[in-house]
Each structure stands twice: as structure tokens, then as C-alpha cells.
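*Asks:* Need the 3D shape of this:
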Amino acid sequence: MAVVHPIRQPRPEPVAIHAHALDNLQYIRSAMERAGAFTAVPGVGGIALGCTALVVAALARRVENPDLWLAAWLGEAVLACLIGVAAAARKSHKVGMPLLSGPGRKFLLGFAPPLLAGALLTLVLFRAGLIAALPGVWLLLYGTGVLCGGAASVRVVPVMGICFMAIGAAALFAPAAWGNSLLAAGFGGLHILFGILIKVKYGG
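*Replies:* Okay, the predicted model is just below:
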């Protein structure tokens, strides 16, 4: 007896359209994170950094002991790191993007190395008794970090880095007595100015 074969083979079950949509959305979001700008630079956090720096500058101006002066500014550096990370994490949560997304990692990779170099140079210059050189080194390397990290961020961030570098370069050649005032102008004034710009234009 002849075997009867069906004319058409049974079709496989179609993949649900929502599965394709979810895969596409995940791919698009991943691509945007890799290619987008790091928008979690905090405006309010920058303003707060500037205010604490101005307070420390006012206190450090009255300190005659170099060790206490250095301790005051190192304490400000630690406080600034805590404020910056907390403010950036808050803003990234607000916009729904992980802090260490693709652009966030690029920002960190550009920002962190100059700061580590600054920390090592601080130790070397302090041991050599060259404390007067520290304001210029701090401002210059911080500006370098902001400029390099800012390549993965919004346009105003690299501009801020260039301004820090300019004040740092001036501090390297300025009289030692100007060091504290230039630190106030940089870490205080520039942070407040650009913090306001970032808050107005980009939020947070």
C-alpha cells in the first residue's frame, strides 16, 4: 500500500513578536550606553564641591603649619570624592542608567589616572619640602583628568578641565603666597560656576 506524504511540511511555531522586541531593545540600549555621553556628571554635586573647597580655603589661609595646611586640603579631597560619587550615583539612578555604564567606564578611565599621579606627586613633593608646588600640580592634574574623562561626557565638562589646567599652569609660576587663593578659585569658583551650568543645561 502506498504511503501518503503531506504536500506541506508542518511549520515551526513562530517566535513571539515580543521576544524579538525585547532582544532589539536590549541591543539598542547596550549600543546607546557604549556610544552615548556620560551624563551623570552632577551639577548640584559640583556646587557642593565648590562650597566645601571655599570653606577649606578660608580655614587653610589662617594655618601657618605646612603639615596642617596639607591635612586640611587632603581632607577636602576625601570629602570631595565622597560628594562626587554620591551625587553622580544619585543622578545616574535618576536618569535610569548605571553609573558604570559604557560612557561611565570611559569617564573613569580618563579621570582616575591623573588623580593617582597627583597623589603620588603629592607624597614626593611633600617629602622634598616643595609644598609650594602642590596647588599647581593639583589643579593641573585634576584639570587633565576632567578633560580626559570629559571626552566621554557632555561638552561643558572638557571645557571645565581646560579651565582647571589654565589655573594650574598659572599656579606653578605664581608666587607661593597665591597658592591657597588659586586653589579657592579652581576647586571653589570653577566647581560652582560649571556646577550651575551643568544643572541648568543638563539637570541634576
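*Asks:* which strands and helices sit next to the longest helix along the chain?
*Replies:* Assignment by DSSP state H gives helix 66-95 as the longest helix of the chain. The contact analysis (3 or more C-beta pairs under 8 Å, 6 or more residues apart in numbering; DSSP states H and E) places helix 66-95 against helix 43-61, helix 102-127, helix 134-150. C-beta here means a position set from N, CA and C on the backbone, and glycine is covered the same way.
*Asks:* mind showing which ranges of this structure have poor pLDDT?
*Replies:* 1-41, 95-103, 204 (pLDDT under 70).
*Asks:* Could you pull up the residues touching Ala132?
*Replies:* 176, 179 (C-beta atoms under 8 Å, 6 or more residues apart in numbering).
*Asks:* Could you dump the helices and strands packed on helix 66-95 into TSV and include distance to Lys201 and mean neighbour count?
*Replies:* As requested, the helices and strands packed on helix 66-95 are exported to TSV (distance: least, C-beta to C-beta, whole Å; neighbours: other C-beta atoms under 10 Å):
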stretch	distance to Lys201	mean neighbour count
helix 43-61	8	19
helix 102-127	17	16
helix 134-150	14	23
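*Asks:* Now do the contacts for the closest residue to Gly118 other than its chain neighbours.
*Replies:* Leaving out its chain neighbours, the residue that sits closest to Gly118 by C-beta to C-beta, 6 or more residues apart in numbering is Leu141, at 4.0 Å. Counting by C-beta under 8 Å, 6+ apart, Leu141 makes contact with 114-115, 117-118, 121, 168.
*Asks:* Closest one to Gly145 out of those, please.
*Replies:* The nearest member of the contacts of Leu141 to Gly145, counting by C-beta to C-beta, is Pro114 at 3.8 Å.
*Asks:* Surely the closest one and Tyr142 touch.
*Replies:* Yes. Here Pro114 reaches Tyr142: they are 7.1 Å apart, a contact under C-beta atoms under 8 Å.
*Asks:* my guess is Leu70 contacts Ile131, does it?
*Replies:* Yes. If you go by C-beta under 8 Å, Leu70 and Ile131 touch, sitting 6.5 Å apart.
*Asks:* what do the two both touch?
*Replies:* By C-beta under 8 Å, 6+ apart, no residue touches both Leu70 and Ile131.
*Asks:* returning to that earlier point: for the helices and strands packed on helix 66-95, which one sits closest to Val85?
*Replies:* Among these, helix 43-61 sits nearest to Val85 (C-beta to C-beta), with 8.8 Å.
*Asks:* Tell me the helices and strands packed up against that closest one.
*Replies:* Against helix 43-61 (3+ C-beta pairs under 8 Å, 6+ apart) you get helix 66-95, helix 179-183, helix 191-202.
*Asks:* The longest one to helix 191-202, inter-axis angle?
*Replies:* Same thing as helix 66-95. 10 degrees (axes from the mean of the first three to the mean of the last three C-alpha atoms, to 10 degrees).
*Asks:* Enumerate the positions of helix 66-95 that are buried.
*Replies:* 69-70, 72-73, 76-77, 80, 83-84, 87-89, 91-92 (16 or more other C-beta atoms under 10 Å).
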